[in-house]
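Participant: Build the 3D model from these lines:
(3 chains)
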Amino acid sequence: MLNEISFYLLAALTVACAVAAMALRRLVHCALCAAAAFAGLALIYLQLDAEFVGFAQLLVYVGAIAILIVFAVLLTRGEEAAPGGRQSSPSWISGVGIAVLLLAGLLLPILASPSLQHGAPPAPVPSVKRIGEELMTRYVLPLEMVGVLLTAALLGAVVIALREPSDGNLPGNSPAQQRAKTGEAMNL
Amino acid sequence: MLGRGILRGLIETGRNFCGSYYDPARLTTVQYPEEKLPPQENARTLPFLVYDGQDPLAGLRCTACTICEQECPAHCIRIVKDTVKKPDYLGKMQFHPKVFDIDAMVCMSCGVCVEVCPFDSIKMDRVFELAQDRRALVLHKMNLAKSNQYYREIHPTEAAAVDAARDEEQRKARAKKAAAPAILTP
Amino acid sequence: MNALDQIFVSTLHRLAGFAPASARPLVSMLLIIAGLMALFGTCFALATILERKTLGRMQNRYGPNRVGPFGLFQPIADGVKMLIKEDIVPFSADQALHFLAPLVLTVPVWLAFAVLPFGRNMSAIELDSGILFFFAIGSASELAVFMAGWSSQNKYSLLGAMRAIAQMISYEVPLVLASVPALIAAGSLSLPAIVQAQSGFALGWVPRWNVFTPWGLAGFALFLIAATAESNRCPFDLPEGESELIAGYLTEYSGFKYALFFLGEYLGLFAVTGLAVTLFLGGWQAPAPWLQWLPTWGWFALKFSALIFLFIWARATLPRLRLDQLLHFAWKFLVPLALINLVVAVAWCKSGLWQFPAALEIRWLLGAGVLAASYVGLGRSWKGGYPERRQYNYAQ
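Facilitator: Residues are numbered from 1 along each chain as shown, chains lettered A, B, ... in the order given. Just a heads-up that it's a prediction; the model follows:
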């Protein structure tokens, strides 16, 4: 009973934050409501006793991705104080139609799946040790692929960031430039 | 090696911390007003008038020559000469001031009045705890008059030099009077 | 002294026994929350005055000593001052965010105390992944910095907030990487289990704390440095120090909201110190078998106080790092060192099965050698963010 109430509350919170992330007028408010929606999801995971996933969701989504979004907002639209114009687009009917189609596409397979017919099996309490073992034995290939993908993303970010200060800022003290500077001093 | 400077800094502050409990050189705070630093002889704040002996009015050295009033760069001295003459330490009859006011707010402690006074009558005082909540910022003659004994306490070397000069003058004056024949009253 | 050791646990059970059986978990949790808040609130007040007095002594002066005996009532005076100050909110500030930022900072930090084991059987919640919980909510409080900086609608607050967030996310990486070897050695993410794994005495008298291993020593140092940076303390207090110069994300906060930020910073420091004690210093364990008469929470308190003193000592000694120096230090020095430390820790744990006579000495030499070589190597390669020295040909 308490479980259901808490689930409905958390679900309502998450959905409300997600709707707010879409509908609010100021961009920063939207970003922070998105972070709150992530936190709501994490709480739902915790309510299902999935500790590791819940805390990992908090650590990754709220602690890193939300901050990434926030930084993106700061660095690109940091100076803009006035919120945007109309919040609803002129073709909102087609938007609602697409949303209904998407919901139907997700709900119908779930409702028709056989696992809803028999009750849920008793969930194994996933200890972190078990998760670690599974990751290292059964799912080691996906783990390594994700690692490679993240490394590629990191290297790409570094390369992009390195190329920007092109006219002698912090990484611009190359030996050629140094020699040019002292050469100028020598020739008076 | 990286971190050597940090270790040296940590050792120094650690020694400060431990030493502050037993070594006075490592805790140099003087907790004013419960503790005060010993006053220095050459400190100066505001001027005061010197008087010889016990009576401030009779022994006041000032002769109201108004040189200090004219020389003061801040124009903070106001003197009104009295019409009655009094004998000074040499026996000569001198004027004395009826009003001698110093505006303590204006005085900048430059000491010019002390330098120009021919009678060693105005000297620099050392008091600094003068803050008050009444607006008694103009010091009058009776506030300013302090004894020569006090002068000797606060500026010993200066006072000794002034006293020696004055004693010399007195000795010479007495010698001259003794050498001159007495005027017999007819 | 088992009774003294478990005095808090038994008091809790007795007090919670007054409640009806259905509400007992809730009541006991409320009692724990009240106890922790009272304890760490007092700790905060004591820490402010003791820090000021210790800083004073290290700077050859007394600290505050006018209010109360030895100045010990100073926090009360400070608290009253903060409470009666006028709460000024700028007209163009984002009212909702400006109000919420101190809350979003302080609430996750209070949550962090729930998993720390303060003594035997004395952690409020025993989570299977306790340390993950700790790091997750630690990272949730960084959004508060952004909210504070943004809501002030002040260019300098915004810049200060960006720099503060950059510093905090940069130093999260060494913080987590430095704590991973302790998890590997314990084989669990749960903090009471990590403390249990450090029980026992090697050679009969050396406690098996993680700090007495080469990777533990390096990891402890890395963790402390990263913790100093995470809680914005000197020498990493660029977010706050800048507010003396231009502004920072704290500019537009006055009165009680500022006090909440201050509280959040100190509580963050306490939480991460508690974690350092748990991960590396053996938690609540006594350093020798004959010292076990002091209750376990007493040992935790002693180690905790020693680490706080270390933080205050570092604050009194070191000048502030500039932003680029700070970021270079994190990414180019601490992260490689933390990764090497991780490798050394795994090698240590795997080589724990060696049985031949000088095994311990060889393991120590290898581990300490690799770490020292990488420290010196990385130190030489890091120039502190300064460009090459210019050659002045005429001014010799």
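Participant: Just the closest residue of chain B to chain C, please.
Facilitator: Ranking the residues of chain B by distance to chain C (Cβ to the nearest Cβ) places B:Leu2 first, at 3.1 Å. For the C-beta atoms, the positions are set from N, CA and C on the backbone; glycine is no exception.
Participant: and C:Val89, what element?
Facilitator: Using DSSP states H and E, C:Val89 sits in no helix or strand.
Participant: how far away is it from chain A?
Facilitator: Note on C:Val89: its distance to chain A, by Cβ to the nearest Cβ, to the nearest Å, is 16 Å.
Participant: Need the nearest residue in space to that residue, chain neighbours excluded.
Facilitator: C:His98 (5.7 Å; Cβ to Cβ, 6 or more residues apart in numbering or on different chains).
Participant: Next up, the contacts around B:Arg15.
Facilitator: B:Arg26 (Cβ atoms under 8 Å, 6 or more residues apart in numbering or on different chains).
Participant: how much space between it and C:Ile312?
Facilitator: To C:Ile312, B:Arg15 is 16 Å away according to Cβ to Cβ, to the nearest Å.
Participant: a helix runs through the residue nearest to C:Val89, doesn't it?
Facilitator: Yes. Assessed with DSSP: H, G, I helix; E, B strand; the rest coil, C:His98 lies in a helix.
Participant: ok, now how distant is it from chain B?
Facilitator: Distance from C:His98 to chain B, by Cβ to the nearest Cβ: 38 Å.
Participant: Count the residues that sit near that residue.
Facilitator: As a burial measure, C:His98 scores 20 neighbours (other Cβ atoms under 10 Å in any protein chain shown).
Participant: Now do the same contact list for it.
Facilitator: C:Val89, C:Pro90, C:Met147, C:Ala148, C:Ser151, C:Ser152, C:Glu252.
Participant: Go ahead and report the secondary structure state at the residue of chain B closest to chain C.
Facilitator: Applying three-state DSSP to B:Leu2 yields a three-state assignment of coil.
Participant: burial measure for it, as a count.
Facilitator: Neighbour count of B:Leu2, defined by other Cβ under 10 Å: 13.
Participant: Kindly state the pLDDT recorded for B:Ala175?
Facilitator: We have a pLDDT of 91 for B:Ala175.
Participant: I meant C:Ser374, not that one.
Facilitator: Here the pLDDT value assigned to C:Ser374 is 92.
Participant: In space, what's closest to it - neighbours in sequence excluded?
Facilitator: The spatial neighbour of C:Ser374 that comes closest, neighbours along the chain excluded (Cβ to Cβ, 6+ apart), is C:Ile340 at 4.7 Å.
Participant: C:Met37 now?
Facilitator: The shortest distance from C:Met37 to any non-neighbouring residue, by Cβ to Cβ, 6+ apart, is to C:Trp110 (7.0 Å).
Participant: so the residue of chain A found nearest chain C, which of the three states?
Facilitator: For chain A, the residue closest to chain C is A:Gly63, as judged by Cβ to the nearest Cβ, at 2.7 Å. Using three-state DSSP, the structure places A:Gly63 in helix.
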